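Trainee: Here is a sequence with its predicted model. Questions after.
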Amino acid sequence: LVSCAKRAKTPNSELAVCRVLLAELEAHQDAWPFLSPVKLKSVPGYRKVIKKPMDFFTIKEKLINNMYLNQENFIIDVNLVFDNCQKFNEDDSEIGQAGHRMKRFFDKRWTELLRKQ
Ligand SMILES: Cn1cc(C(=O)NCCN2CCCC2)ccc1=O
C-alpha cells in the first residue's frame, strides 16, 4: 500500500490543543487573578497603564467565536495576560507571583503539547 501523505493539519485540530491548554490554565490554583477581565473601575491605574487587557475568560470567548485563526494568535493572547501582569504588579506581590507561576506552567505545557505533534 502506498503510504498515505501526511494530512495537512486543519486549523481546528490546531485549536483543539488551545482548548485543552486553556482548560488547564483555568483549572490551575494560581489562575484566580486571570479568570475574568480586570475591573477597570476598581483597580486604580489599570486602564491607563495596560493598553491591551486580556484574561482567560475573554480568550475562551474568542476560541468559541472562532476568532483565533491559528495557535499563534492564541499564544499571543495568553502571553499578553502574563506580560500585563508583570507590567502592573510587583514580582513579590501575590498577583505578581501567581503570574510568574502561571507563565512557567503555560510555557512547559504548550512546549510538551506542541512538541508531541
Ligand atoms: C491580573 N490582575 C488582577 C487584579 C485583580 O484585582 N483581580 C481580581 C481578583 N479577584 C479577587 C477575588 C476574585 C478575583 C488586579 C491586577 C491585575 O493585574
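Mentor: Arrived safely, thanks for sending.

Trainee: Identify the residue of this protein closest to the ligand, quick one.
Mentor: Of all residues in the chain, P33 sits closest to the ligand, at 3.9 Å by C-beta to the nearest ligand atom. (Each C-beta comes from the backbone N, C-alpha and C, glycine too.)

Trainee: Next up, the contacts around that residue.
Mentor: Residues near P33 by C-beta atoms under 8 Å, 6 or more residues apart in numbering: 85, 95, 98-99.

Trainee: Quick check: which of these are also close to the ligand?
Mentor: 85, 95 (C-beta under 6 Å from any ligand atom).

Trainee: Looking at the contacts of P33, which two lie furthest apart in space?
Mentor: C85 and A98 (7.8 Å; C-beta to C-beta).

Trainee: When those two are compared, which one has more neighbours?
Mentor: Per other C-beta atoms under 10 Å, whichever of C85 and A98 has more neighbours is C85, with 23 against 19.

Trainee: Please tell me I have it right and that one contacts E94.
Mentor: No - C85 lies out of contact with E94 (C-beta atoms under 8 Å); the separation is 11.2 Å.

Trainee: Just want the most central residue of the chain.
Mentor: In the chain, the C-alpha nearest the mean C-alpha coordinate belongs to V78, at 2.5 Å (C-alpha atoms, centre = their mean).

Trainee: Find the nearest non-adjacent residue to that residue, please.
Mentor: F106 (6.1 Å; C-beta to C-beta, 6 or more residues apart in numbering).

Trainee: and that neighbour, what is it in contact with?
Mentor: 21, 25, 78, 82.

Trainee: separation between the last one and F57?
Mentor: Distance of F82 to F57, given as C-beta to C-beta, to the nearest Å: 16 Å.

Trainee: more neighbours, those two?
Mentor: Taking other C-beta under 10 Å, F82 and F57 do not tie; F82 has more neighbours (18 against 14).

Trainee: quick one: which helix or strand includes the residue lying closest to D30 once chain neighbours are set aside?
Mentor: In this structure, D30 finds its nearest non-sequential neighbour in A98, 4.1 Å apart by C-beta to C-beta, 6+ apart. Assessed by DSSP states H and E, A98 sits inside helix 94-116.
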